[in-house]
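K.L.:
Return atomic coordinates for the entry below.
(one chain, ligands or ions: 1)
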Amino acid sequence: MGFIMDGLDAEDYDRTYTDRDLLRRILAYFRPKLGAMLLVATMIVLVSAAQAALPLLASEGVDAIQDGTIGGVGWLLAAGILLAGALSWAFNFVRQWYSARVTGDVVLRLREDAFDAVLERDLSFYDETPSGRIVSRVTSDTDDFASVSTLTMDLISQVLMVGFVTVLLFLRSVELALLTLLVAPIVMGLALVFRRMARSSTRRAQRSLSRVNANLQETMGGIAVAKNFRQERQVYDEFRPINEQSYRVTLRQGFVFSAIFPLLFLVAGLATVALVQFGGTSVLGGGLSAGDWYLFLQGVSLFWMPLTSIAAFWSQFQQGLSASERVFALIDAPPRVSQTGSADPGRLAGRIEFDDLTFGYDAASPVLRHFDLAIEAGETVALVGHTGAGKSTLGKLITRFYEFQEGRLLIDGHDIRSLDLGAYRRQIGAVPQAPFLFSGTVADNIRYPRPAASEDEVLAAAAAVGGGDWIEALPHGLETDVGEHGRALSMGQRQLVALARLLIQDPAIVVLDEATASVDPLTEAQIQEGLDVVLAGRTSIVIAHRLSTIEHVDRIIVLDHGRIVEEGGHAELLARGGRYCQVYNTYFRHQSPNYRPDTGFVAVGEP
Ligand SMILES: Nc1ncnc2c1ncn2[C@@H]1O[C@H](COP(=O)(O)OP(=O)(O)OP(=O)(O)O)[C@@H](O)[C@H]1O
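P.N.:
Numbering: from 1, shown residues only. As a prediction, the model looks like this:
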């Protein structure tokens, strides 16, 4: 199937539930709504009885016409039909209203649970799963699930009506009733065969849709870059096959679903022909009244409607089932980061020790092998090294976003796995290269880690960073709106906000991925001053990209392919002429204020 199925594989955490498990999970969501469900069930019975009464009354009318008594009972029958219609409408209204409420409440809970599960996932989950796919599970999949419950109630109502009609038919003529029923197993058999095909094609259609979503999400996220490089065409070319795949998979699904109808109608048509033939002959022979025959012909259409609609709804039903499967898989995905204890770490001093630690994003190809490193409490360490050396990886392990495979990671001498994760993370301040700001004001963003922080605290934090001059440059000071993702602020200003935010958080350990984007010298100086304030008294691990940082830290650690190849102070390492000098020549030399092109190289000795 090649192209059509490319990229539609399950996510790592996807699983297939048995129908029983799935049903049990779904029912668990409905259980708290038992009262409303009972009311809906009662309404369903009443609606079905009222609807089944209609053909019965009409058949009485036909009989009355035949034996000439219609003049006497006609108005009574007409009133009865009117009443049955009105009651059926009223019961149906109550049923629809309550079932909409039940469904709405269930989707509300399911969506909350799914969103909760998403928030609980480790960062590794977000690295591996495109955000569009996650969004698709929380939104459209839960919607599809809602349609299952609505359909289930519709189906129950129809099946009940079939029950009433069947009883009526048997009361009138056992042979004709048996003839009508004879076809039911054939239809059910067809529906069962169809079930399996429908479920897998639906699952693929949903995956292809979430692929479209993921692509759109990524495109929107990087639209500025795409436009900058005039890559709109390439973006379009990437989108086209994904969209086309979704089209083909959906078409295939449509084909599978439409194949069942002609078959069902054929079987239904044959059964009706037989009834017309047998019934007609019986009426002529006097074995059956015209009214009964009419009832059978009406009954058979009432009887067929639910069966064909089961098949018609099957697509949505399957869609809903596999949607619920996808939502439950998201909710049930086991965490990668597993804590063995929940000890309260108290206020951390901040000593960090990697002890013979082995870690790989993929366990088969470790990034760190038997890695040892001790960072003392309050020490500021700069990690340097070529791209892919493992600098960010160390940060991700300290922030406990990833689970390592072997060895130990000790925080103040305690195994990191034994700590209460929430309490531990609250004491870790992580600043990514491009700090993320939420929509709102600068003050809101500074206050983010501690919403209860007072205005004065926010102002003090902002003022402590870079002398606070930067606040005056903002159009409305701390009340300036930062725009979506902080786009209304310059890169430098966003970094200053992130530093002030750290002061409000007051973490014991800071993991800072320095921005590579260059900022003007004034902002650079403000950031440096801000860093001095923010990092003072805390253990700091800086993935260093700025010369001024590496000149000031307590210790520089040079990483290469996940190993420490050199460590020490800036001057000491420069004098040594080793690996640090290579890194320095490549990344830091040109940042010196006295830099002239092709100057400032530090001699590197033979390794
Ligand atoms: N989420 C991930 N999944 C799989 N492999 C990853 C992931 N993140 C990093 N890696 C791999 O791990 C290795 C170390 O990456 P890491 O990001 O730690 O390097 P780095 O030194 O921080 O590089 P840079 O300076 O470019 O950020 C690289 O080979 C990289 O390809």
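K.L.:
ok, residue 476 - how many residues close by?
P.N.:
Using other CB atoms under 10 Å, residue 476 is surrounded by 9 other residues. Using the backbone N, CA and C atoms, a C-beta is placed for each residue, glycine as well.
K.L.:
what's the neighbour count on the nearest residue to it once chain neighbours are set aside?
P.N.:
Once flanking residues are discounted, residue 476 sits nearest to residue 441: 7.9 Å by CB to CB, 6 or more residues apart in numbering. If you count neighbours by other CB under 10 Å, residue 441 ends up with 17.
K.L.:
so how far is residue 355 from residue 441?
P.N.:
According to CB to CB, to the nearest Å, residue 441 stands 44 Å off from residue 355.
K.L.:
picking that back up, for the residue nearest to residue 476, what are its contacts?
P.N.:
Counting by CB atoms under 8 Å, 6 or more residues apart in numbering, residue 441 touches 476, 478-482.
K.L.:
Out of the residues you listed, who's the most crowded?
P.N.:
Result: residue 482 is most packed of those (other CB under 10 Å), 22 neighbours.
K.L.:
can you tell me which residues contact that one?
P.N.:
437-442, 445, 488-489, 494, 497.
K.L.:
Filter the residues you listed down to the buried ones, PyMOL style.
P.N.:
A single PyMOL command selects the buried members of the contacts of residue 482 (16 or more other CB atoms under 10 Å):
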select buried, resi 437+441+442+445+488+489+494+497
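K.L.:
and the strand or helix carrying residue 262, what other elements does it pack with?
P.N.:
Under the criterion DSSP states H and E, the helix or strand holding residue 262 is helix 232-285. Counting contacts by 3 or more CB pairs under 8 Å, 6 or more residues apart in numbering; DSSP states H and E, helix 232-285 is packed against helix 174-182, helix 184-221, helix 223-228, helix 290-332.
K.L.:
Please state the offset of the helix or strand of the chain with the lowest mean pLDDT from the chain centre?
P.N.:
When each helix and strand of the chain is scored by mean pLDDT, DSSP states H and E, helix 223-228 comes last, with a mean of 72. Here the centre of helix 223-228 is set off from its chain's centre by 26 Å, with CA atoms, centre = their mean, to the nearest Å.
K.L.:
Pull out the buried residues from that helix.
P.N.:
For helix 223-228, a neighbour-count test (16+ other CB under 10 Å) marks residue 226 as buried.
K.L.:
State the number of residues packed around the closest residue to residue 436 other than its chain neighbours.
P.N.:
Of all residues not flanking residue 436 in the chain, residue 485 sits nearest, at 6.6 Å (CB to CB, 6+ apart). For residue 485, the count of nearby residues is 15 (other CB under 10 Å).
K.L.:
isn't there a helix covering residue 485?
P.N.:
Yes. Per DSSP: H, G, I helix; E, B strand; the rest coil, residue 485 lies within a helix segment.
K.L.:
Listing request: residues of the stretch 101-250 of the chain with sub-threshold pLDDT.
P.N.:
Along the stretch 101-250 of the chain, segments meeting pLDDT under 70 span 183, 187-188, 191-192, 195-196, 224, 229.
K.L.:
Around the ligand, pick out the residues from it.
P.N.:
residue 127 (CB under 6 Å from any ligand atom).
K.L.:
can you tell me the residue of the stretch 101-250 of the chain closest to the ligand?
P.N.:
Distances between the stretch 101-250 of the chain and the ligand by CB to the nearest ligand atom are smallest at residue 127, namely 3.9 Å.
K.L.:
Closest residue of the stretch 401-550 of the chain to the ligand?
P.N.:
At 6.2 Å from the ligand, residue 543 is the closest residue in the stretch 401-550 of the chain, using CB to the nearest ligand atom.
K.L.:
Isn't that residue up against residue 515?
P.N.:
No. In this structure residue 543 lies outside contact range of residue 515 using CB atoms under 8 Å: 10.3 Å.
K.L.:
ok, those two, which is more surrounded?
P.N.:
For residue 543 versus residue 515, the count of surrounding residues by other CB under 10 Å is larger for residue 543: 23 against 20.
K.L.:
check contacts around the more buried one.
P.N.:
Contacts of residue 543 by CB under 8 Å, 6+ apart are 382-383, 391-392, 395, 511-514.
K.L.:
hmm, 6 Å instead?
P.N.:
Residues near residue 543 by CB atoms under 6 Å, 6 or more residues apart in numbering: 383, 391, 513.
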